[in-house]
Each structure stands twice: as structure tokens, then as C-alpha cells.
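Asks: Give the three-dimensional model of this entry:
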Amino acid sequence: MQDTELRTARDHWADIAKGIGILLVVYGHVARGVFNADLGMDAGWFRLIDNLIYDFHMPLFFWLSGLYLLSSLQKYGAGGLIRSKLDTLIYPYLVWSLLQGSVEVFLSRYTTSQTSMAEVLRLFWQPRAQFWFLYVLFIVFVVAVLLLQRHPARLKAGLLLALAGWWAQTQWQLLFPFDFVASFLLFFLAGTLFQQYRSLFRQHALSALLISGLSFSTLAWFYHSQLGLHYDSNHWLKLPLSLSGILLVISASMLLERSHTGQPGLRTHLTQALLLCGSYSMPIYLMHILAGSGIRIVLKKIFHLQSAQLHLLLGCLFAVLLPVLFYRLRERQGFQWIGLLFTAPR
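Replies: The predicted structure is shown next:
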């Protein structure tokens, strides 16, 4: 969700992929809230879609976060890059963990989960809710920077070490955050390596879409239906399943990128919408739980609406639009303080 300043005009696909990823995050969390609220959501469909999304959507974000590591290192240096991540990852992690946690404590009587202030204050060693991503991503950045700061050629060796770490976390119960770092460092470094071959991949995006789509659907069917495994099961097939899902999104994003400057049409409008979501992926990620839970409380407690479909539709819509509108308020006179909720003051 970072490093947009290093992106070239030919890299719109990365923002499109982030747009797809953040919409999957929003849908996944809103759907879980609706399901847990006992609104009559079909359990079979919920579990199927939930598994398919969680098979790959967070590995996708780590992959995308690793794309610009080497160019960022070259531009900022190791110390400068880590300091920038303190501003753009750890600072919003602290602010929004406290903010969302406090709201959840206050609204516990109205929501599907119970939260205490003691839980919120464990944020330094036990991240809550969706904020674990920022916490773990910062550690992954530090590990990758230490590995590659003077020797970028170590990338492939680092990938082998990361692969060993990924396998280790499937075999043993590692302590946090070592388990999460071992789970996602591989995808981060794979994204860094992929950036060197992105032009070649773009040339064959349609073939990649067909191959990755077939691979993902086949692996997902076998993994979930035949083996009876879930997205959080520790099995070696989870790796090719996640990779095929990532490449499916990336190849689709590269194909959609071609319509970015084309004639107006359905695909162009879809591309523009995904680009918008991708460019605002951080504020959406930080705020979508509050927005989605808030609209569910209003619909259920005030308007007494029990339709799962309506809750799902409006929950996703508000969870995307409210964060974008709130974030854009910082551009208006008198609302510049909003920017302090997202980026450390300089």
C-alpha cells in the first residue's frame, strides 16, 4: 500500500491489483460481520467465498509491497527507507489501533465482538484486528532491507531462506511475530524479484490469466473440496494455491491497464474504479472496519433491517466510500489535521 511515488506510468497495473485486493479485504470483513450477526446469510456460500478470498489476498498485498523494494533502497538508502516506513506503517498502526480499539470498546454492546481496553493496549506486542498487516509488514521490510541493503544479488538466496521459513511455519507452531513473518516474507521477496520480469509477464498477460485462472480454480477445488482443508490449514499445497491467485490478479490487472487510456467503456470505468480504490487502499484498509461495522449497527439497531444481502451491499459500499471521502477532506481548508491520522508530522 506504499511507494506510489516510485511508480511509473507503466505501473498502473500495481494500483489496479491493489484495488482488487482492497475490495477483497473489505468484502471479506463485511461478510464475516454479516454472517456473525445471524442475518440469515447462506453458510455454504459464505464459507466458500471466505476460503477463496483468504487463500491469497494477504499474500497478494505482501507481494505488491515488495515490488519497489530495490528502487526504494536505491533512492532512500537503508536508514531512510526504514525511517519512512516508521512514518507510513508504524505511525498509522499506533494511531488507528488506539482509535478503532477505543471505538470498539465503546460499541461492544452493539457489535458481534466484545473488546476491552486491556486488549487494545497490548498493541505493542499483540496487534489487533486488521492492523496486524502493518505491524508484520514493517518487520518484513526491516528483514528484507537488512538482507539486501548492500548486496541486492542476495535476493534469490533470500528467497530460498524465505521458502525454508514458510515451510517451517507449516510444520511447527512458531511464536508471534515469527510465524507471520515466516508466512509472508516469501511473498514479499517474490514480489521484489517479479518486478525485474514484469515487462515480460505483461507481454504474455492473457496467457498468464488463462493459466493462473485454471490453476487457481483447480487447486482451490482440490484443496477445499477434496482434501477438506481451509485457508488457514498448514499444507504445502497452500503455496501454489496462493501464488496462482496472486498471478491471476496481476495478469488481470495488466490486461485492465491497457484500457486505462482507451475509449470510454465498461472496462475503462472498471479500471478507473479499481485505480481509485488502489490509490486509496491505505485509508480504506485503516477505516473499513469502523465504517462497515457502523453501517451494520445503523441498519440493524435503528432501521431494524435484517436482509443479509442489503447489509452486505451497503456495508461494502460504505466501507469503501466513507474512508475515501474522509481522507480527501484533508485537502480542504480547516481539515488538514486529518492528514495527521495517516502520516506522521514532518
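
Asks: I'd like to know how many residues surround the closest residue to residue 195 other than its chain neighbours.
Replies: Distance criterion CB to CB, 6 or more residues apart in numbering; nearest residue to residue 195, sequence neighbours excluded, is residue 67 at 4.7 Å. Bear in mind the C-beta positions are built from the backbone N, C-alpha and C, glycine included. Using other CB atoms under 10 Å, residue 67 is surrounded by 23 other residues.

Asks: again with residue 330
Replies: Neighbours of residue 330 using other CB under 10 Å come to 16.

Asks: One more: residue 294?
Replies: Neighbours of residue 294 (other CB under 10 Å): 19.

Asks: Check residue 79 too.
Replies: Using other CB under 10 Å, residue 79 is surrounded by 10 other residues.

Asks: Next: the one 5 residues further on.
Replies: Other residues lying near residue 84 total 17 when counted by other CB under 10 Å.

Asks: unless I'm mixing things up, it is touching residue 76, no?
Replies: Yes: using CB atoms under 8 Å, residue 84 is in contact with residue 76, at 6.2 Å.

Asks: Name the helix or strand for residue 21, please.
Replies: According to DSSP states H and E, residue 21 maps onto helix 12-36.

Asks: before we move on, back to that, now do the same for the residue nearest to residue 195: its pLDDT.
Replies: pLDDT for residue 67: 96.

Asks: show me what contacts it?
Replies: If you count contacts by CB atoms under 8 Å, 6 or more residues apart in numbering, residue 67 has them with 3, 14, 191, 192, 194, 195.

Asks: For the second one, give its distance to residue 152.
Replies: For residue 14, the distance to residue 152 under the criterion CB to CB, to the nearest Å works out to 20 Å.

Asks: Looking at these two, which one has more neighbours?
Replies: residue 14 (24 against 14).

Asks: Isn't that one up against residue 254?
Replies: No: with contact defined as CB under 8 Å, residue 14 does not reach residue 254; the gap is 9.5 Å.

Asks: Not counting sequence-adjacent ones, nearest residue to residue 305?
Replies: With CB to CB, 6+ apart, the residue lying closest to residue 305 is residue 299, at 4.6 Å.

Asks: Could you work out the end-to-end span of stretch 197-208 for me?
Replies: 13 Å (CA to CA, to the nearest Å).

Asks: Name the residues of that stretch that come out as buried.
Replies: 198, 201, 202, 205, 208 (16 or more other CB atoms under 10 Å).

Asks: Please identify which helix or strand holds the closest residue in space to the last one that isn't next to it in sequence.
Replies: With CB to CB, 6+ apart as the measure, residue 251 is the residue that lies nearest to residue 208, at 3.9 Å, once sequence neighbours are left out. Remark: residue 251 resides in helix 238-257, with elements defined by DSSP H and E.

Asks: Buried residues in that helix, which are they?
Replies: 238-239, 241-257.

Asks: just for the stretch 201-346 of the chain, where's the confidence low?
Replies: 260-267 (pLDDT under 70).

Asks: picking that back up, list the residues that contact the residue nearest to residue 208.
Replies: Contacts of residue 251 (CB under 8 Å, 6+ apart): 201, 205, 206, 208, 209, 212.

Asks: Which one of these is nearest to residue 279?
Replies: Among the contacts of residue 251, residue 205 lies closest to residue 279 (CB to CB), at 21.2 Å.

Asks: State the distance from the residue nearest to that closest one when sequence neighbours are not counted to residue 16.
Replies: The shortest distance from residue 205 to any non-neighbouring residue, by CB to CB, 6+ apart, is to residue 254 (4.1 Å). Separation of residue 254 from residue 16 (CB to CB) stands at 8 Å.

Asks: ranges for the helices of the stretch 51-200 of the chain?
Replies: Here the stretch 51-200 of the chain has its helices, by DSSP state H, counting those that start in this stretch, at 57-66, 69-85, 91-106, 117-120, 132-148, 155-171, 178-194, 198-203.

Asks: if we can go back for a sec, would you mark the buried spots in the helix holding residue 21?
Replies: So helix 12-36, judged by 16+ other CB under 10 Å, has buried residues 12-35.
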